[in-house]
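predicted structure and sequence below. I'll ask about it afterward.
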Amino acid sequence: MLAPPSSITAPTSIVHGDQDPVCPLGHGEALAAAIPGAVLHVVPGMCHVMTTPGLPEEVADLIRL
């Protein structure tokens, strides 16, 4: 059984595209709301996969420690 998102205590970043047809932005928003202290990073133009040139680097910059 998986633990609920509310039990996550590690610093958490949610990276979600605003053009994802598989998991609409509301899914990312709900996940971020369910994890205490989570930060949601919305990437304009990103769909469900990162195939746009430069997008992998942009996302890496968002999650780099």
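Cool, the structure landed. Numbering: from 1, shown residues only.

pLDDT value on residue 61, please?
Residue 61 is assigned a predicted lDDT (pLDDT) of 86.

where exactly do the strands run in this structure?
All strands of the chain, identified by DSSP state E, fall at 13-17, 39-43.

got those as CSV, with mean neighbour count and distance to residue 32 columns?
C-beta here means a position set from N, CA and C on the backbone, and glycine is covered the same way. Converted to CSV, those look like this (neighbours: other Cβ atoms under 10 Å; distance: least, Cβ to Cβ, whole Å):
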stretch, mean neighbour count, distance to residue 32
strand 13-17, 19, 4
strand 39-43, 16, 4
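
which ones are touching the closest residue to residue 31 other than its chain neighbours?
Leaving aside its sequence neighbours, residue 31 sits nearest to residue 14 (Cβ to Cβ, 6 or more residues apart in numbering; 5.5 Å). If you count contacts by Cβ atoms under 8 Å, 6 or more residues apart in numbering, residue 14 has them with 28, 31-32, 35, 38-41.

surely residue 9 and residue 36 touch.
Yes. Between residue 9 and residue 36 there is a contact at 7.4 Å, judged by Cβ atoms under 8 Å.

if we can go back for a sec, out of the strands of the chain, nearest to residue 2?
Nearest to residue 2 among these is strand 13-17 (16.7 Å), distances taken as Cβ to Cβ.

of all the contacts of residue 14, the one with the weakest confidence?
Out of these, that is residue 41, at 91.

quick check: beta-bridge partners of that one?
Beta-bridge partners recorded for residue 41 (DSSP bridges): residue 15.

how close does it sit to residue 4?
22 Å (Cβ to Cβ, to the nearest Å).

residues in contact with the residue nearest the centre of the chain?
In the chain, the residue lying closest to the centroid (Cα atoms, centre = their mean) is residue 15, at 2.3 Å. By Cβ under 8 Å, 6+ apart, residue 15 lies in contact with 28, 41, 43, 59, 62-63.

would you check which pair of these lies furthest apart?
Among the contacts of residue 15, 28 and 63 lie farthest apart (Cβ to Cβ), at 13.8 Å.
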